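Enquirer: Coordinates for the following, if possible.
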Amino acid sequence: MKTILFTLALAGLATAPLQAQTRTRAPVPGAHDRQGELVLYGAASFAGQSQAVTRDSPTVSVPFAIRSLGIKPGDRWQICASPNFQAPCTTVTRPIPDAAIIGVTGRVGSIRLLPDPNATAE
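Expert: Residues are numbered from 1 along each chain as shown. This next block holds a predicted model:
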């Protein structure tokens, strides 16, 4: 009986580190839980002032220079340099810790959520 209890206890200890690793997985920086929400940040690495965008915006006005963009993985947002979705535009599909890598150097003209290309029409 002691051998069985010892074996069960040992098995529990062996899986404890694995369970702990699963529960403490680090979140993706800049990722949000809200689908259809883009967050503009005033500092790189998702810091500083922030403003959420939850719908198409043909003109964007924020009181700070945009330095990073946070989105929910799976969302697709079109970021355009000019108002009314005029080129040049880029599609963002993941959080962007430094907006300069997609050509955003402080301001954007317009933003809109793009449909899921894998969605089927009913």
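
Enquirer: where do the strands sit along the protein?
Expert: In the chain, the segments counted as strands under DSSP state E are 38-43, 47-53, 68-71, 77-82, 86-92, 110-113.

Enquirer: what residues does the first one touch?
Expert: Identification of contacts with strand 38-43 by Cβ atoms under 8 Å, 6 or more residues apart in numbering yields 30, 32, 46-54, 60, 62, 64-71, 75, 77, 92, 108, 111, 113. The way it works is simple: take the backbone N, C-alpha and C, and place the C-beta from them, glycine included.

Enquirer: Then the last one?
Expert: With Cβ under 8 Å, 6+ apart as the test, strand 110-113 has contacts from 36, 38, 53, 55-60, 75-80, 82-86.

Enquirer: so how far is that strand off the chain centroid?
Expert: Centre-to-centre, strand 110-113 and its host chain are 15 Å apart (Cα atoms, centre = their mean, to the nearest Å).

Enquirer: now do the fourth one
Expert: Between the centre of strand 77-82 and the centre of its host chain there is 17 Å, according to Cα atoms, centre = their mean.

Enquirer: Okay, buried residues for it please.
Expert: Applying a neighbour-count criterion of 16 or more other Cβ atoms under 10 Å, one finds Trp77, Ile79, Cys80, Ala81 buried in strand 77-82.
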